[in-house]
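**Student:** need a 3D model of the sequence below.
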Amino acid sequence: MTVETQPDVSVIIGAYEAMPYLVECLASVEAQTIDPARMEVIAVDDGSTDGTGEYLEEFAARVPMPVTVIRQDNSGGPSGPRNVGLDKAAGRYVFFLDADDRLGPEALERMVAMADRNGTDVVLGRVEGINRVPPKSMWGKSLDRTDVHSSNIKFTLSAQKLFRRALLDRHGMRFDESLWTGEDALFTMEAYLRADGVSVLADYTCYYLVGREDGKHVTKSGGYTLRFDSARALMRLIADMVPAGARRDSLMVRPFLITLLPQFGPKFLKDAEDVRRHKLELAKPLMDAYWTPEVARRLRVHERLRLHLVARQRADLLVDVVEFVKAKKQAAAVLERRGTRLYLVYPHFRSAAAGVPDHVYLAEPREARAFDGYREAAANSFLRRALRKVRRMLPSAGFGTAAA
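**Tutor:** Numbering: from 1, shown residues only. As a prediction, this is how the structure comes out:
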């Protein structure tokens, strides 16, 4: 394939039982403002029985851009179809589009232009939700060039991004077909870490994340053990690629907060005793290996407290905390050291029997600022104290201020 004939972007669609959502998905592809000659579509029907494959073939027959339809037996998850599509892709970039979601009309044109303009390997386009809640913290402003350490992009690890294909091929990157959930998080985090720059396009909605009314969505399926598999894989990737220290700890917040902690939320109260024990057993090696004071410091008090109790394998204490959080009660505040230190009184605070250290309940400034009476200690408070001490000593040293 010559440079003249190579498409700019390959849109890869893995589809399974996607009707009727596929209709609007493909309509959004057809409506793209990018020249049809600059794109290709590779659609993989993963053993559907609802007419998905037939509709893909009808689409391929009538649209101006080249469309390849591959029909295969069901693989059981999204990784297989995505890898099949990736192996067939010819574009300079690839974009993974879920068959029940939609693109904004200018999405591909804008994202390709942004990657070309900035020489970046990954582009995140703004996401909005339809009957689903999308990630939000990374869309404050567009960023021509950033990385996973300098922004909030670690909190959007879905695969619906623009990736430079040369990056993926250079590192042999593919979706892990042994994972039944969280495979996109693993793939995207690796791409972030390997990328020569990431762009964020925040001023145009590129992607519409659609919640299916039938509830059939991969993130809602599977047992709890799959979530631990996902957390384990992501933590190992981060540990393998980022040296121990503040940067690694900052990235570890994501799997602890998004993947692991929900297993010790309200659903934990409904779990049978053997399931509770099993969850704690599955969490233990992860807590032992990756739970550090710096990770803990970056969480809110109730998040930190729950994970501290998971690390200590204290299901009995954990239940009390989860019930408190589920009830949406406001924890009382205890102010000490002239208001510069604030503790939140969640269950077992300063209980001798529980033995949870005070620092677990200590609110960091970003959380403590919401409470009346809290005074944030100045970063240079040590220097100020030292200067005051020097000033007190000046008269006794004979440095008076009287005129000579």
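**Student:** drop to CA atoms for contacts and neighbour counts, all remaining ones
**Tutor:** Will do.
**Student:** break this protein into its domains for me.
**Tutor:** The record's domain split for the chain, according to automatic domain parsing, is 9-220, 224-332.
**Student:** who's the closest spatial neighbour of the spatially most central residue of the chain, skipping the chain neighbours?
**Tutor:** The centre of the chain sits closest to residue 155, judged by C-alpha atoms, centre = their mean, with a distance of 2.7 Å. Of all residues not flanking residue 155 in the chain, residue 254 sits nearest, at 6.5 Å (C-alpha to C-alpha, 6 or more residues apart in numbering).
**Student:** quick check: the one you found touching residue 154?
**Tutor:** Yes. Between residue 254 and residue 154 there is a contact under C-alpha atoms under 8 Å: 6.7 Å.
**Student:** okay, those two: which has more neighbours?
**Tutor:** Taking other C-alpha atoms under 10 Å, residue 254 and residue 154 do not tie; residue 154 has more neighbours (23 against 19).
**Student:** what residues sit buried inside stretch 131-148?
**Tutor:** 135, 138, 139, 142, 143, 144, 145, 146, 147, 148 (16 or more other C-alpha atoms under 10 Å).
**Student:** would TSV of those residues with distance to residue 30 be doable?
**Tutor:** Shown next, in TSV, are the buried residues of stretch 131-148 (distance: C-alpha to C-alpha, whole Å):
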residue	distance to residue 30
135	26
138	28
139	26
142	26
143	28
144	27
145	29
146	31
147	32
148	32
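**Student:** least confident of these?
**Tutor:** The lowest pLDDT within those belongs to residue 135, with 89.
**Student:** returning to that earlier point: I'd like the domains of the chain laid out as TSV, including distance to residue 368.
**Tutor:** What follows is the domains of the chain, written out as TSV (distance: least, C-alpha to C-alpha, whole Å):
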stretch	distance to residue 368
domain 9-220	20
domain 224-332	10
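**Student:** pick the most deeply packed of those.
**Tutor:** domain 9-220 (a mean of 19; mean count of other C-alpha atoms under 10 Å).
**Student:** distance between it and the chain's centre?
**Tutor:** From the chain centre to the centre of domain 9-220 is a distance of 16 Å (C-alpha atoms, centre = their mean, to the nearest Å).
**Student:** wasn't residue 95 part of a helix?
**Tutor:** No. Counting by DSSP: H, G, I helix; E, B strand; the rest coil, residue 95 falls outside a helix, being strand.
**Student:** and it, what is it in contact with?
**Tutor:** Neighbouring residues of residue 95 by C-alpha atoms under 8 Å, 6 or more residues apart in numbering: 9, 10, 11, 12, 160, 161, 162, 163.
**Student:** so the fourth one sits against residue 29, correct?
**Tutor:** No. Residue 12 is beyond contact range of residue 29, at 10.9 Å (criterion: C-alpha under 8 Å).
**Student:** tell me where the stretch 251-400 of the chain has strands.
**Tutor:** 332-336, 341-345 (DSSP state E, counting those that start in this stretch).
**Student:** single out the most deeply packed of these.
**Tutor:** Buried most deeply of those, by mean count of other C-alpha under 10 Å, is strand 341-345, with a mean of 21.
**Student:** that strand packs against which elements?
**Tutor:** Under the contact criterion of 3 or more C-alpha pairs under 8 Å, 6 or more residues apart in numbering; DSSP states H and E, strand 341-345 touches strand 332-336.
**Student:** now do the strand it packs on: everything it contacts.
**Tutor:** Residues outside strand 332-336 that contact it (C-alpha under 8 Å, 6+ apart): 341, 342, 343, 344, 345, 346, 371, 373, 374.
**Student:** mind doing that once more with 10 Å?
**Tutor:** 341-346, 361-363, 368, 371-375 (C-alpha atoms under 10 Å, 6 or more residues apart in numbering).
**Student:** give me the mean pLDDT for that strand.
**Tutor:** Rounded mean pLDDT across strand 332-336 is 97.
**Student:** what angle do it and strand 341-345 make?
**Tutor:** 150 degrees (axes from the mean of the first three to the mean of the last three C-alpha atoms, to 10 degrees).
**Student:** send the alpha carbons of strand 332-336 over as PDB?
**Tutor:** Extracted C-alpha coordinates of strand 332-336, given in PDB (Å, rounded to 0.1, in the frame of the first residue of the first chain):
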ATOM      1  CA  ALA A 332     -18.200  14.500  62.200                       C
ATOM      2  CA  ALA A 333     -15.000  16.500  62.100                       C
ATOM      3  CA  VAL A 334     -12.500  16.800  64.900                       C
ATOM      4  CA  LEU A 335     -10.200  19.800  64.600                       C
ATOM      5  CA  GLU A 336      -6.900  19.900  66.300                       C
END
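**Student:** in the protein, where's the longest strand?
**Tutor:** Under DSSP state E, the strand in the chain containing the largest number of residues is strand 198-210.
**Student:** continuing past it, what's the next helix or strand?
**Tutor:** Following strand 198-210 in sequence order, the next helix or strand is helix 224-241 (DSSP states H and E).
**Student:** show me what that following helix is packed against.
**Tutor:** helix 183-194, helix 246-254, helix 273-290 (3 or more C-alpha pairs under 10 Å, 6 or more residues apart in numbering; DSSP states H and E).
**Student:** what does the average pLDDT come to for the last one?
**Tutor:** Right, the one you point to is helix 273-290. The pLDDT scores in helix 273-290 average 98.
**Student:** what's the answer for the second one, then?
**Tutor:** Averaging pLDDT along helix 246-254 yields 97.
**Student:** flag every buried residue along stretch 344-353.
**Tutor:** Result for stretch 344-353 [16+ other C-alpha under 10 Å]: buried residues 344, 345, 346, 347, 348, 349.
**Student:** and the furthest pair within those residues?
**Tutor:** Farthest-apart pair in those is 344 and 348; separation 10.9 Å (C-alpha to C-alpha).
**Student:** who touches both of these two?
**Tutor:** Residues touching both residue 344 and residue 348 by C-alpha under 10 Å, 6+ apart: residue 361.
**Student:** so for stretch 295-312, mean pLDDT?
**Tutor:** pLDDT averaged over stretch 295-312 gives 98.
**Student:** rewinding a little: now the buried residues of stretch 131-148 as CSV including secondary structure?
**Tutor:** As requested, those are arranged in CSV below (three-state DSSP):
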residue, secondary structure
135, coil
138, coil
139, coil
142, coil
143, strand
144, strand
145, strand
146, strand
147, coil
148, coil
